[in-house]
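Asker: 3D model of this:
(one chain, ligands or ions: 1)
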Amino acid sequence: MGNGAKAAQKRERNADKNAPKGSKSQAKVNEAAKSIVCATCKQSFLITTRAPALEEHSSNKHSKTMAECFPTFAK
Ligand SMILES: [Zn+2]
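Answerer: Numbers count the residues shown, from 1 in each chain. You can find the predicted model right below:
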C-alpha cells in the first residue's frame, strides 16, 4: 500500500515535470493542425475547411488554382 502511494506520487511528479515541455510542443502541433494558410494572402482557414471553399478562395480572390494558394493542402 505504501509503495502504491509512493509510485503514484512519483508518477504525478513526473507528469508535472513533463507537462510544460509536452504541452508546449503539443500546442505547436495543434497550431499547425488548426489552420490551412493561403500562400498568397496568408489568410488562415480551419483545418476542417473543405477543398471547395479553398478552391473558391483561390479563384475568387486571386484567380489562382487551389494548388497555388494551398500547396500543402493539395498534397
Ligand atoms: Zn488567399
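Asker: and Cys38, how many neighbours?
Answerer: 21 (other CB atoms under 10 Å). All C-beta spots, glycine's among them, are computed from the backbone N, C-alpha and C.
Asker: read off the pLDDT value for it.
Answerer: We have a pLDDT of 94 for Cys38.
Asker: that one against Cys69, yeah?
Answerer: Yes. Cys38 lies in contact with Cys69 (CB atoms under 8 Å); the separation is 4.8 Å.
Asker: got any residues that touch both of those two?
Answerer: Shared contacts of Cys38 and Cys69 (CB atoms under 8 Å, 6 or more residues apart in numbering): 54, 57-58, 62.
Asker: these in strands, which ones?
Answerer: Members of these lying in strands (criterion: DSSP state E): none.
Asker: just the buried ones from those residues?
Answerer: 54, 57-58 (16 or more other CB atoms under 10 Å).
Asker: now these as TSV including distance to Gln9 and pLDDT?
Answerer: Listed next are these as TSV, based on distance: CB to CB, whole Å; pLDDT from 0 to 100:
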residue	distance to Gln9	pLDDT
Leu54	50	95
His57	52	97
Ser58	55	97
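Asker: let me have the residues you listed in CSV, adding distance to the ion as columns.
Answerer: Listed next are the buried ones among the shared contacts of Cys38 and Cys69 as CSV, based on distance: CB to the ion, whole Å:
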residue, distance to the ion
Leu54, 9
His57, 6
Ser58, 7
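Asker: can you list the residues of this structure near the ion?
Answerer: Contacts of the chain with the ion, taken as CB under 5 Å from the ion, map to 38, 40-41, 61.
Asker: of those residues, which is the nearest to Arg11?
Answerer: Cys38 (44.2 Å; CB to CB).
Asker: got a list of what the closest one touches?
Answerer: Per CB under 8 Å, 6+ apart, neighbours of Cys38: 44-45, 54, 57-58, 61-62, 69-70.
Asker: repeat that with 7 Å
Answerer: 57, 69-70 (CB atoms under 7 Å, 6 or more residues apart in numbering).
Asker: out of the residues you listed, flag the one nearest to Ser25.
Answerer: For the contacts of Cys38, with Ser25 as the reference and CB to CB as the criterion, the closest is Phe70, at 24.9 Å.
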